[in-house]
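Asker: Please find the sequence and the predicted model below.
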Amino acid sequence: MPNRRKLNIAMVGYGFMGRAHSNAFHQAGHFFDLPFELGLKVICGRNKEKLQQTATQWGWEQTATDWQSVVGRPDIDIVDICTPNSLHAPIAIAAACADKIVMCEKPLANSVEQAERMAEAARGVPTLVWFNYRRVPAVRLAHQLISEGRIGDVFHYRGFYLQSWGRSPNDPGAWRFHPEEAGSGASGDLLSHSLDLATWLNGPVRRLCSSVHTFYPGRKVDDAVILLAEFSNGSIATFEASRFATGNQNRNAFEVNGSQGSLAFNLEEMNHLQFSDFSDESALQGFRKILVTGLGHAYVDHVWPPGHVIGYEHTFIFTLVDFLNALSSGNRFHPDFSDALATQRLLEAVAESGSRRLWVDVDHAETTTKAGSQR
Ligand code: SOE
């Protein structure tokens, strides 16, 4: 595409997510015609040596060890934040105040108070929060089938995000165990994804009741959380997020049961969606496993010929492509800061319910949470 405007990116952070985002910035234009050209201008981080290594490996033009000197630079259009969670708020607010497009890793913040300040500061600028699993083609198909009424009225929503690495505190991702950096454990890291998907697929949560646990001696963030929830559409739900679910590697899964059918998804088999259609003749009732890499499935016609599977990295590429298309057409992208603020409110309600051992009503009009009836 000739004469495309170039958007220069400053990325703050260079860990796992830094690699996932760098890859998306490079690959998006290989698979899709993008409305903008992307410039990987500068990557920021504290450890000079590792930073240089990442910059070289992933093709960043410059490095900087001080994000303050970068986010307001006139040659920067996009600030992308993939730091430990505690830095999301100061960087995002500074970038938004400098009128930059802001992209931020999940969870948006460590508290509702921070998330509100971020959403307020970013009111006038386009934002993206990397809840990347909305862009899995199988999850897109689930959303489409629910929207078309193919499973009817939803009775049950079951969401779980199960991992098993919680017993290794010396893991390179150790900041995730430090409350001052991570804010929370499994709830912010994993449950946030499940709640983002659930509210996107099934609408707002009305009430919830949680139990939050730390198994590892002396640890100050949660290792696991379970909750019961009621949605505004009358459906009831259970959620579970754990870093101690031994045997599960990255099982981000949901099942939705409705009056006309059911859906089931598991990220560990991300190219498939299971669909059970109650209008099938009774002898054929049951879940069918659909390979979501064919004609009529989201995104995949831009990647490989039908039937060739895609991977985790594509979820970041598709998120970015949707964002750039929304930006060029002047449409609002979802999930943005205000969507992620709503998820943050749910996370705060989960923490409140867990610590007070109460059911908590989620007040969407006021978007505040308040203690409800005794358990
Ligand atoms: C680690 O628990 C982690 O990388 C999360 O931080 C991501 O958000 C999740 O998608 C995969 O697991």
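Answerer: Perfect, thanks for sending it.
Asker: can you pull the buried residues of the helix or strand harbouring His88?
Answerer: For His88, the host element (DSSP states H and E) is helix 88-97. Neighbour counts using 16 or more other CB atoms under 10 Å place 88-96 of helix 88-97 among the buried residues. For glycine as for every other residue, the C-beta is placed from the backbone atoms N, C-alpha and C.
Asker: And for stretch 138-158?
Answerer: 138-143, 145-146, 150-151, 154-155, 157-158.
Asker: Make CSV out of those residues and add distance to Asn8 and secondary structure.
Answerer: Converted to CSV, these look like this (distance: CB to CB, whole Å; DSSP: H, G, I helix; E, B strand; the rest coil):
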residue, distance to Asn8, secondary structure
Ala138, 34, helix
Val139, 31, helix
Arg140, 30, helix
Leu141, 35, helix
Ala142, 36, helix
His143, 33, helix
Leu145, 39, helix
Ile146, 38, helix
Arg150, 43, coil
Ile151, 44, coil
Val154, 44, strand
Phe155, 49, strand
Tyr157, 41, strand
Arg158, 43, strand
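Asker: tell me the two of those that are most distant?
Answerer: Every pair in the buried residues of stretch 138-158 was compared (CB to CB); the two farthest apart turn out to be Arg140 and Phe155, at 22.6 Å.
Asker: quick one on the thing from earlier: the helix or strand just after the helix holding His88 near the ligand at all?
Answerer: Per DSSP H and E, the first helix or strand lying C-terminal to helix 88-97 is strand 101-104. No. With CB under 6 Å from any ligand atom as the criterion, the ligand is not reached by strand 101-104; the gap is at least 12.5 Å.
Asker: Give me the distance between the spatially most central residue of the chain and the ligand.
Answerer: Of all residues in the chain, the one closest to the mean position by CA atoms, centre = their mean is Phe131, 1.7 Å from it. Distance of Phe131 to the ligand, computed by CB to the nearest ligand atom, to the nearest Å: 9 Å.
Asker: Next up, the contacts around that residue.
Answerer: Applying CB atoms under 8 Å, 6 or more residues apart in numbering, we find Phe131 in contact with 106, 192-193, 196-197, 335, 340, 343.
Asker: nearest spatial neighbour of it, skipping sequence neighbours?
Answerer: Asp196 (4.2 Å; CB to CB, 6 or more residues apart in numbering).
Asker: Could you list the low-confidence segments of the stretch 101-250 of the chain?
Answerer: Across the stretch 101-250 of the chain, the ranges flagged by pLDDT under 70 are 169-173.
Asker: same thing but 90
Answerer: Scanning the stretch 101-250 of the chain with the threshold set as pLDDT under 90 gives 167-174.
Asker: residue with max distance from the center of this structure?
Answerer: Most peripheral residue of the chain (CA atoms, centre = their mean): Ala283, 38.9 Å.
Asker: so how far is the ligand from that one?
Answerer: Taking CB to the nearest ligand atom, one finds Ala283 at 39 Å from the ligand.
Asker: Quick check: that residue is in a helix.
Answerer: Yes. Membership of Ala283 in a helix is supported by DSSP: H, G, I helix; E, B strand; the rest coil.
Asker: And it, how far from Ala264?
Answerer: For Ala283, the distance to Ala264 (CB to CB, to the nearest Å) stands at 21 Å.
Asker: same thing with Ser353?
Answerer: Here the criterion is CB to CB. By it, Ser353 lies 27 Å from Ala264.
Asker: Which of these two has more residues huddled nearby?
Answerer: Ser353 (26 against 19; other CB atoms under 10 Å).
Asker: close to the ligand, is the helix or strand hosting that one?
Answerer: Assigning secondary structure by DSSP H and E places Ser353 in helix 337-356. No. Legend: contact between helix 337-356 and the ligand by CB under 6 Å from any ligand atom is lacking; minimum distance shown is 12.7 Å.
Asker: packing partners for that helix?
Answerer: In terms of contacts (3 or more CB pairs under 8 Å, 6 or more residues apart in numbering; DSSP states H and E), helix 337-356 is packed against strand 101-104, helix 112-121, strand 127-129, helix 192-202, strand 205-213, strand 224-231, strand 358-363, strand 368-374.
Asker: with the buried residues of helix 88-97 in mind, which one is nearest to Gly72?
Answerer: Among these, and counting by CB to CB, the member closest to Gly72 is Ala94, at 7.0 Å.
Asker: what's the nearest residue to that closest one if we skip its chain neighbours?
Answerer: Excluding its sequence neighbours, the residue lying closest to Ala94 (CB to CB, 6+ apart) is Val71, at 5.0 Å.
Asker: Please determine how far the one you found is located from the ligand.
Answerer: Here the criterion is CB to the nearest ligand atom. By it, Val71 lies 23 Å from the ligand.
Asker: Quick one: residues contacting that residue.
Answerer: 10, 12, 79, 91, 94-95, 98, 100.
Asker: again, 7 Å this time
Answerer: 10, 79, 91, 94-95, 98, 100 (CB atoms under 7 Å, 6 or more residues apart in numbering).
Asker: export these to JSON lines and tack on distance to Ser232 and pLDDT?
Answerer: Below are the contacts of Val71 laid out as JSON lines (distance: CB to CB, whole Å; pLDDT from 0 to 100):
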{"residue": "Ala10", "distance to Ser232": "39", "pLDDT": "98"}
{"residue": "Val79", "distance to Ser232": "34", "pLDDT": "99"}
{"residue": "Ile91", "distance to Ser232": "34", "pLDDT": "98"}
{"residue": "Ala94", "distance to Ser232": "36", "pLDDT": "98"}
{"residue": "Ala95", "distance to Ser232": "34", "pLDDT": "98"}
{"residue": "Ala98", "distance to Ser232": "37", "pLDDT": "98"}
{"residue": "Lys100", "distance to Ser232": "35", "pLDDT": "98"}
